[in-house]
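Participant: got a sequence here, can you model it:
(chains A, B, C and D)
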2 protein chains.
Amino acid sequence: MGTVTKSLNHKNSAAALAPVADYFKMLSEVSRLQILNSLKLGEMNVTQLSEETGLGQANLSKHLKILTQAGILTRKPVGVSVYYEISDPMIFDLCELVCDRLTDRIQEQADRLHQLKALSTIVK
Amino acid sequence: MGTVTKSLNHKNSAAALAPVADYFKMLSEVSRLQILNSLKLGEMNVTQLSEETGLGQANLSKHLKILTQAGILTRKPVGVSVYYEISDPMIFDLCELVCDRLTDRIQEQADRLHQLKALSTIVK
DNA sequence: TATCTATTTAACTAACTAACAATATAACAT
DNA sequence: ATGTTATATTGTTAGTTAGTTAAATAGATA
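Facilitator: Residues are numbered from 1 along each chain as shown, chains lettered A, B, ... in the order given. Coordinates of the predicted model:
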C-alpha cells in the first residue's frame, strides 16, 4: 500500500497544482497582458481595445472570453457594444512582483558586466 | 507622425510585456510547479526529484534547465549527481497570491450554489 | 421588416512545446 | 583503461493554441 499512496502522491499534487498552472497560463500571453494593461485606467469596449492594442477583432474577442471566464474581467453590454472592465485588480500585484524581480535580474547582470569590465582593465 | 507613434505604441508595450509573459509562462506548467513544490523544503538531486514528482528523467532535465536559466533554480553538481535548489523564493509569494484568489473564487461559487439551493426551497 | 454596426463564433493553419526514446556526456570506481 | 551511474541532449511525435478569414448573432435605427 505504501507504494500505491506514494505513486498517487504525484497525481494528487499534480491535480492540486493544475488550477494554479492554468491561472499563470492565462497571464503568459503578451496579447492578454496588453488587454489588462489597457484596462488598467478604466473600462473600454471592444473597438477601443482593438485600437489600443492593435489586436484583430476576432482574436481580441477570444482573449476577452478567456479572461472573463477566468474571472479577471467583467463583461457588460451597453447598447450594441460591449464594455470590459478589470474585476480582479490583484493581477496587477502579480505583474508588479514579476516586474520587480525582472528588474533586479537585469540590474544584477549589469553589475556583473561592470565587474567584468573592471577586471579587463586590470588585465591590461 | 502622430499616427506613427500611435501604431508604434502597440509594439512598444508588447515588447515591454514580453518578459513578463515569459515569466508567467514558466510557471504555467504543472510539471514545473511540481518541481518547485518539491524543492520548497530544500535542495534535491535529479533522481530524488524524479521519484518525488514522477516525471521522466529527460523531461525533468529539460524543465530543470528552463527553471535554472530563468534564475529560479540554482544548479550545483556534487560528484556524479546534480543538486537543484530554489534561488528565488519570491515565486512562492506569487503562487500563494494565486492560490488565495482561486480559493476565493471557489468559495464564491459555493455561496452562489447555496443561494440557489435556498431559492429552490422557496419555489417548492 | 430591413439594415447597419458591434461583437461573437466557427473553421483553418501555423507555430510551439511537453513527453518519450535513444544517444551522448561527465564523474567516479574498479 | 573500462565500466557504471547520474545527468544532459537530440530527434520525434502528439496535443495545444494564437492568429486569420468568413459567417453568425444581437442590438439599434430607419
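
Participant: buried residues in stretch A:72-88?
Facilitator: Under the neighbour-count criterion of 16 or more other CB atoms under 10 Å in any protein chain shown, stretch A:72-88 has A:Ile72, A:Leu73, A:Val82, A:Tyr83, A:Tyr84, A:Ile86, A:Asp88 buried. Every C-beta, even on glycine, is put in place using the N, C-alpha and C of the backbone.

Participant: tell me which element the fourth one falls in.
Facilitator: Spelled out, that is A:Tyr83. Using DSSP states H and E, the element containing A:Tyr83 is strand A:81-86.

Participant: and chain A, which of its residues are near chain B?
Facilitator: Chain A comes close to chain B at residues A:7, A:10-11, A:13-14, A:17-25, A:27-31, A:33-34, A:37, A:53-54, A:71, A:88, A:90, A:93-95, A:97-99, A:101-102, A:105, as judged by CB under 8 Å from any CB of the partner chain.

Participant: from those residues, which are also near DNA strand D?
Facilitator: Among the residues of chain A next to chain B, the residues within reach of DNA strand D (CB under 7 Å from any atom of the strand) are A:Lys25, A:Glu29, A:Val30, A:Ser31.

Participant: what's the mean pLDDT across stretch A:107-121?
Facilitator: The average of the pLDDT scores along stretch A:107-121 is 87.

Participant: just how off-centre is that stretch within its chain?
Facilitator: Distance of stretch A:107-121 from its chain centroid, counting by CA atoms, centre = their mean, to the nearest Å, is 31 Å.

Participant: still on that earlier bit, sheet partners, orientation included, of the strand holding A:Tyr83?
Facilitator: Strand pairing for strand A:81-86, using DSSP bridges, gives strand A:44-45 (antiparallel), strand A:73-78 (antiparallel).

Participant: in a markdown table: the ones next to DNA strand D among the residues of chain A next to chain B, plus neighbour count, pLDDT and distance to B:Gln48.
Facilitator: Below are those laid out as a markdown table (neighbours: other CB atoms under 10 Å in any protein chain shown; pLDDT from 0 to 100; distance: CB to CB, whole Å):
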| residue | neighbour count | pLDDT | distance to B:Gln48 |
| --- | --- | --- | --- |
| A:Lys25 | 17 | 98 | 27 |
| A:Glu29 | 18 | 98 | 34 |
| A:Val30 | 20 | 98 | 36 |
| A:Ser31 | 18 | 98 | 39 |
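
Participant: fine, thanks again, bye for now.
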